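Novice: structure of the sequence below:
(one chain, ligands or ions: 1)
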Amino acid sequence: MSLFSKFAPLAAQYRQLEEAGANPFNVSFDSVLSPTEAMIKDRPVLLLGTNNYLGLTYDPAVIAKAVEATELYGTGTTGSRIANGSYDGHKQLERALAGFYNRKHGMVFSTGYQANLGILSTLAGKDDHLILDADSHASIYDGARLGHAQVTRFRHNSPEDLANRLRRLEGTPGDKVIVVEGIYSMLGDTAPLREFAAVKREYANTYLVVDEAHSLGVLGENGRGLAEAAGVEGDVDFVVGTFSKSLGGVGGFCVSDAEGFDILRVVTRPYMFTASLPPGVIAATLEALHQVQTRPGLRRQLSENANRLYNGLAALGFTVGPEPSPVVSTVMPSPEAAFAFWSRLLHAGLYTNVSLPPATPKGLALLRSSVSAAHTSAQIDHAIAMFAEAGRELGLISPARGQKQGETVFVSAK
Ligand code: PMP
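Specialist: Sure thing, here's the model as predicted:
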């Protein structure tokens, strides 16, 4: 008996993966060479399992800003902003984010995870209701757990179910805060945001939070995300997002027009009781945000690459998510098949991700890929070829290209 005995079954499974030399949850890169290439165990691999959507991690201007700020202001702030002060960069970045989204207020957090923890745990108080899409990211669920609001889940991407839940809560005291994501990180599907916004408009004291973590810099004419693409930014009360995907850094944010927003700085524990972002990260993020606004070609390239991979894998007979997006997941028949496929792909020189329940919807085992604007079409085609070979070898697709083994067509939840 020990503190760790409760983990024994999981530990046994984990050990098995380690012993097989193929543990997707414990990969070390010897070195990373570019947004799309790295070395693992002395062998080159093509990266198809990052969230580096715009490939900005090696952008010379982004790097130069990080270096310059680090030399000027040092490596870290060594404390929280309320206890130890803000640097000019924090405020500049908050102004830049608010300006980008045409909002009055912006607040920067040390991670995207903390942005959700902070915003959701404080916006909705004891007598309020958080109404979450069932497929919400862990940070949204954890934010709900950290706060004191009553939590209701509605069926993933179902405006009808959301309306039902709100109807049932009519007449109850407290505000209602709906939380959805722009692009969902497991299957790459987008929220039916226009319909959600229409539902929200029908109910009093109801607010809409959209987590654009995977859609910032990816969707919308100006890269502001799904709300922009769907033309409903006016219905969104709070936008949450992260710097760790299209912006290539680390950190999170919330922007809003809500009056009195700044009081959140002294009531939001995941903002108050943690060190603020280092100056180099802030400066790099500011430059990356500038590039989102000035290089729309990156978004076009990303979209082209995403379509190429999605269509290529679908044509091979893989069961892919409901719509093309930079997140391209293929549904595996079991976790064991996912591990075997992942391992076979890595052996061939392709790095992807394995995603399993409870992180995935409907208990699916997924082989998750993500595309970057930095991928060349030759790299995408090479990845598809590796999928084809490994898929046939493991019997996941039929030997005749384009024919499905079984009927497992994915039906969109929308
Ligand atoms: N929200 C969503 C929808 C996410 O997918 C993630 C990360 N995968 C986060 C928030 C957390 O962001 P970060 O990793 O920057 O903390």
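
Novice: interface residues of the stretch 51-200 of the chain facing the ligand?
Specialist: Residues of the stretch 51-200 of the chain lying near the ligand by CB under 6 Å from any ligand atom: 111-113, 116, 137, 139, 181, 185. For glycine as for every other residue, the C-beta is placed from the backbone atoms N, C-alpha and C.

Novice: does the closest residue in space to Val320 that isn't next to it in sequence lie in a helix or a strand, and which?
Specialist: In space, and not counting its chain neighbours, Val320 is closest to Ala314: 5.0 Å by CB to CB, 6 or more residues apart in numbering. Using DSSP states H and E, Ala314 maps to helix 296-316.

Novice: ok so, going back, so what pLDDT did the residue nearest to Val320 get?
Specialist: In the predicted model, Ala314 carries a pLDDT score of 97.

Novice: that one - how many residues pack around it?
Specialist: Neighbour count of Ala314, defined by other CB atoms under 10 Å: 18.

Novice: roughly how far apart are it and the ligand?
Specialist: Note on Ala314: its distance to the ligand, by CB to the nearest ligand atom, to the nearest Å, is 23 Å.

Novice: does Val151 touch Leu132 like I think?
Specialist: Yes: counting by CB atoms under 8 Å, Val151 touches Leu132, with 6.5 Å between them.

Novice: between these two, which contacts overlap?
Specialist: Taking CB atoms under 8 Å, 6 or more residues apart in numbering as the contact criterion, the residues that touch both Val151 and Leu132 are Ala144.

Novice: low-confidence ranges in the stretch 51-200 of the chain?
Specialist: Across the stretch 51-200 of the chain, nothing is flagged by pLDDT under 70.

Novice: OK, contacts around Gly252?
Specialist: Listed by CB under 8 Å, 6+ apart, the contact partners of Gly252 are 108-116, 240-244.

Novice: quick one: which of those is nearest the ligand?
Specialist: Using CB to the nearest ligand atom, Gly112 comes nearest to the ligand of these, at 2.5 Å.

Novice: so what's that closest one up against?
Specialist: Contacts of Gly112 by CB under 8 Å, 6+ apart are 139, 213, 240-244, 251-252.

Novice: surely Thr319 is in contact with Val331?
Specialist: Yes: under the criterion of CB under 8 Å, Thr319 makes contact with Val331 at 4.1 Å.

Novice: look at Ala413 and report its pLDDT.
Specialist: According to the model, Ala413 carries a pLDDT of 34.

Novice: ok, and for stretch 122-141, which residues are buried?
Specialist: For stretch 122-141, a neighbour-count test (16 or more other CB atoms under 10 Å) marks 122-124, 128-133, 135-137, 139-141 as buried.

Novice: buried ones from the contacts of Gly252, can you make that a ChimeraX selection?
Specialist: To isolate the buried members of those in ChimeraX, using 16+ other CB under 10 Å:
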select :108,109,110,111,112,113,114,115,116,240,241,242,243,244
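
Novice: could I get the contacts of Gly252 in a markdown table, plus columns for secondary structure?
Specialist: As requested, those are exported to a markdown table (DSSP: H, G, I helix; E, B strand; the rest coil):
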| residue | secondary structure |
| --- | --- |
| Val108 | strand |
| Phe109 | strand |
| Ser110 | coil |
| Thr111 | coil |
| Gly112 | helix |
| Tyr113 | helix |
| Gln114 | helix |
| Ala115 | helix |
| Asn116 | helix |
| Val240 | strand |
| Gly241 | strand |
| Thr242 | strand |
| Phe243 | coil |
| Ser244 | coil |
